[in-house]
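Asker: just to be clear, the model below is a prediction. Sequence and coordinates:
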Amino acid sequence: MTEFLEKLKSQELVVTDLGEPGDSPSKPAQQTSKTSNDGAAGIFRDSADENSSTADKTSDSVAHADYSEPPVINNSVATTSVASHGPLSLNNLTRTTSGLTRHRAIKAGCIALSLAILSLALVDLKSLIEKKGVLDSKLQFTADTSKNKLPLSYAYLDNEASEGMRPFRSSNWSDNLLGYADEQGNVVLPPVYLQVSDFHDGLAAVKFRGEKDKNGSYTSKDDQNWGYIDKTGKIVLPATYRNAGEFHNGAAPVVINGFGAIIDKHGRVLRNSTGRVAPALLGDLYEVKGPGILSGLVDSTGAYVVPPIYDSIDKIDTGPDDKGQDRWRKHKTYNPDYFAVWQDGKCGVLDKSGKLVMPIKFENIASYNKGHAVVLKEGSYGIADASGKFLIEPKYKLVTMYDDVIATMDYESHWKLFDSTGKQLPTEINGAIAQRGQQWLYDGMGAIVIGDKCGFVNNKGTVDIPAKYDFTQHFSEGYGLVQENGYWSYVDKHGKKVMTMKFPDAKPLLNGKAIVLQGGPLFPFITASQLEQSQSQSSSSVTKYINGEGAS
């Protein structure tokens, strides 16, 4: 007992009074021992909040054994320290505090690590569903890791950029304004225009917004004009044009003072037109109207290449050597050497030097290739040579472009194949995946329908790839696209699949690249409806092609 009192006097223990018997356990304890070390006593008192019930009971029993007004040791740690570790000191207390700090740090680190892992999992989840990328000429897949930074309040007008600039629309439809972003989605020019064109030759035609109406919305007015800006938004040519087209080779078609014209980048008029619309760009030439509203062709300097002697001149689809073979792209490359021309209601073919290569005697010209044209006579199509002699008689609803193999469809949706001499081939098909007046054979392969499945014939008219696919796209750069169960795969000219990877969406190769969408392991479960929709669209497209009504 003497030893215990000495420890009390030396302040190695802090004794508190729990109050009279029957007081509430929650009543604050009162300190009965005074100390000259307020800091140490205070720390010891705070730690008493973590007493265990067992330790409290032990201390209480010790105190009642010797005192009429029992003092109670106010800390289980103190009891343990006296019994097991000797006198309690500030060193022991420091170790306890540092351990608590370490525990809290570990806990915080675990929470941070868990959040980081969760964030990575959510990011990676997207790749488990789908991943956009590009195939090269060897069909090696490279994932697109670039992030689209375009704000959610904006939406692209289309899927392609021109000269690194891509127009977008503000989602605030009351303003209905347009701007430009770069290919990464960074806003370059804010949405302040009512209408825009693509950038060409470093300039874009834009229609500036007018004043706000009484409702606070920008509205288009009939008297608003077009101007031209550069990529910084600087106005290069003021808004003085009633209509304006894109620049090509330093020239652009416009409407000024009520008539068409060709201008240069300084706004100088290179050639006036008597027509009241902007001259049409046909390849590298412009159709302009001369005296008597007759059509001719001028180059980008305004000089006549074809004199204005025709009623009208228009572009004409040409054959496989025309590089505009990807009809799924926004910008179909078109650089024709031939044009359809009209005189007195009849049509012929003109080359860019102004020479007639097909007589002006037909109702219309659908396409021209290798000295032969798909022509319209008395409401039906056939194929004629340069002299106007028919190779395939004009009695069909649809005739594909002249080539090594030609597909025709009559008015009862019966299909036939012909070779380049006009001889009918024995191969029977139920449809050709072809467009009127456009190329059908790509890389010497033509997409066909037999029954309700799709395959390919070669340039001899023989079925090289059996019709076993739900749908097909054309061959390009040695590979064709075939679809099964909503997925696209690439095959060679023997029908062999050239890669195990399959894609929910894919495009033909063009200049050694093909844009594809790779489906992850979760794609079939999360986007099952997308696959079903794709299959339904393919089935509908097959039916349309069988009836000669494929997408143009």
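Answerer: Yep, that arrived. Numbering: from 1, shown residues only.

Asker: so which residues of the stretch 51-200 of the chain form strands?
Answerer: All strands of the stretch 51-200 of the chain, identified by DSSP state E, counting those that start in this stretch, fall at 72-73, 130-135, 141-143, 154-156, 166-170, 178-181, 187-196.

Asker: how long is stretch 164-184 end to end?
Answerer: Using CA to CA, to the nearest Å, one end of stretch 164-184 lies 9 Å from the other.

Asker: what of stretch 399-406?
Answerer: 7 Å.

Asker: can you tell me what sits against it?
Answerer: 317, 319-320, 366-370, 372-374, 381-383, 391-392, 407-408, 417-420, 425, 432, 434, 436-441, 444, 446, 457, 459-461 (CB atoms under 8 Å, 6 or more residues apart in numbering). Every residue, glycine included, has its C-beta placed from N, CA and C.

Asker: make it 6 Å
Answerer: Applying CB atoms under 6 Å, 6 or more residues apart in numbering, the contact partners of stretch 399-406 are 367, 369, 372, 374, 381, 383, 407-408, 417-418, 420, 434, 439-441, 446, 459, 461.

Asker: stretch 229-245 now?
Answerer: So stretch 229-245 is contacted by 189, 202-206, 208, 225-228, 252-256, 267, 278 (CB under 6 Å, 6+ apart).

Asker: now, which of these lie within strands?
Answerer: 189, 204-206, 208, 226-228, 252-256 (DSSP state E).

Asker: which residues of the stretch 451-552 of the chain fall in helices?
Answerer: Ranges of helices within the stretch 451-552 of the chain are 523-526, 528-546, based on DSSP state H, counting those that start in this stretch.

Asker: coming back round to it: filter the contacts of stretch 399-406 down to the buried ones and hand me the ChimeraX line.
Answerer: To isolate the buried members of the contacts of stretch 399-406 in ChimeraX, using 16 or more other CB atoms under 10 Å:
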select :367,369,372,374,381,383,407,408,417,418,434,439,440,441,446,459,461
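
Asker: ok, and the closest non-adjacent residue to residue 156?
Answerer: residue 168 (5.1 Å; CB to CB, 6 or more residues apart in numbering).

Asker: do you know how far that neighbour is from residue 185?
Answerer: Distance of residue 168 to residue 185, given as CB to CB, to the nearest Å: 9 Å.

Asker: next: residue 309.
Answerer: With CB to CB as the criterion, residue 309 and residue 185 are 50 Å apart.

Asker: and residue 416, which helix or strand is it part of?
Answerer: strand 415-419 (DSSP states H and E).

Asker: name the residues that touch that strand?
Answerer: By CB under 6 Å, 6+ apart, the surrounding residues in contact with strand 415-419 are 405-409, 424-425, 427, 429, 461.

Asker: nearest to residue 213, of the strands of the stretch 51-200 of the chain?
Answerer: strand 187-196 (13.1 Å; CB to CB).

Asker: now that closest one - C-alpha only, PDB.
Answerer: The C-alpha coordinates for strand 187-196 follow below in PDB (Å, rounded to 0.1, in the frame of the first residue of the first chain):
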ATOM      1  CA  VAL A 187     -12.200  23.500 -79.600                       C
ATOM      2  CA  VAL A 188     -10.300  25.700 -82.100                       C
ATOM      3  CA  LEU A 189     -13.100  28.000 -83.200                       C
ATOM      4  CA  PRO A 190     -16.100  28.400 -80.900                       C
ATOM      5  CA  PRO A 191     -19.600  28.000 -82.200                       C
ATOM      6  CA  VAL A 192     -20.500  31.400 -83.600                       C
ATOM      7  CA  TYR A 193     -21.500  30.500 -87.200                       C
ATOM      8  CA  LEU A 194     -24.900  29.700 -88.600                       C
ATOM      9  CA  GLN A 195     -23.500  27.500 -91.500                       C
ATOM     10  CA  VAL A 196     -20.000  26.300 -92.300                       C
END
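
Asker: neighbouring strands - and their directions - for that strand?
Answerer: strand 178-181 (antiparallel), strand 204-208 (antiparallel) (DSSP bridges).

Asker: can I get the ones you listed in TSV with mean pLDDT and mean neighbour count?
Answerer: Below are these laid out as TSV (pLDDT from 0 to 100; neighbours: other CB atoms under 10 Å):
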stretch	mean pLDDT	mean neighbour count
strand 178-181	94	23
strand 204-208	93	23
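
Asker: reformat those strands as JSON lines; add distance to residue 476.
Answerer: As requested, the strands paired with strand 187-196 are exported to JSON lines (distance: least, CB to CB, whole Å):
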{"stretch": "strand 178-181", "distance to residue 476": "29"}
{"stretch": "strand 204-208", "distance to residue 476": "30"}
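
Asker: those: which one's closest to residue 164?
Answerer: Per CB to CB, nearest to residue 164 of the strands paired with strand 187-196: strand 178-181, 9.6 Å.

Asker: how far out from the middle of the chain is the closest one?
Answerer: Strand 178-181 sits 16 Å away from the centroid of its parent chain (CA atoms, centre = their mean, to the nearest Å).

Asker: residue 380 contacts residue 394, correct?
Answerer: Yes - at 4.6 Å, residue 380 counts as touching residue 394 under the criterion of CB atoms under 6 Å.

Asker: who's more crowded, the two?
Answerer: Taking other CB atoms under 10 Å, residue 380 and residue 394 do not tie; residue 394 has more neighbours (19 against 16).

Asker: the more buried one and residue 424, how far apart?
Answerer: Taken as CB to CB, the span from residue 394 to residue 424 is 16 Å.

Asker: try residue 346
Answerer: 29 Å.

Asker: any low-confidence regions in the stretch 251-400 of the chain?
Answerer: 318-335 (pLDDT under 70).

Asker: find the nearest non-adjacent residue to residue 171, please.
Answerer: residue 153 (4.9 Å).

Asker: any idea of the pLDDT on the one you found?
Answerer: Residue 153 carries a pLDDT value of 85.

Asker: equivalent analysis for residue 486, please.
Answerer: 88.

Asker: residue 361 should be in a strand, yeah?
Answerer: Yes - under DSSP: H, G, I helix; E, B strand; the rest coil, residue 361 sits within a strand.

Asker: show me what residue 132 is bridged to.
Answerer: Assigned bridge partners for residue 132, using DSSP bridges, are residue 517.

Asker: so it sits against residue 143, correct?
Answerer: No - under the criterion of CB under 6 Å, residue 132 makes no contact with residue 143, lying 7.3 Å away.

Asker: residue 349 - how many residues pack around it?
Answerer: Neighbour tally, residue 349, other CB under 10 Å: 24.

Asker: now swap in residue 547 and tell me
Answerer: 13.

Asker: cool, and residue 427?
Answerer: Neighbours around residue 427, by other CB under 10 Å: 17.

Asker: tell me the SS of it?
Answerer: coil.

Asker: relative to residue 302, how far out is it?
Answerer: Distance from residue 427 to residue 302, by CB to CB: 51 Å.

Asker: repeat that for residue 184.
Answerer: In this view, residue 184 and residue 302 are 39 Å apart by CB to CB.

Asker: with neighbour numbers in mind, choose between those two.
Answerer: Remark: of residue 184 and residue 302, residue 302 carries more neighbours, 18 against 13, as counted by other CB under 10 Å.

Asker: would you confirm that the more buried one contacts residue 263?
Answerer: No - in this structure, residue 302 is not within contact of residue 263 by CB under 6 Å, at 9.3 Å.

Asker: low-confidence ranges in the stretch 101-250 of the chain?
Answerer: In the stretch 101-250 of the chain (pLDDT under 70), the answer is 116-129, 159, 173-175, 210-212, 216-223.

Asker: equivalent analysis for the stretch 451-552 of the chain, please.
Answerer: 520-528, 551-552.

Asker: mind doing that once more with 50?
Answerer: Where the stretch 451-552 of the chain drops to pLDDT under 50, the residues are 552.

Asker: please enumerate the strands of it.
Answerer: Using DSSP E, counting those that start in this stretch, strands in the stretch 451-552 of the chain cover 453-457, 463-469, 471-476, 479-484, 487-491, 505-506, 514-519.
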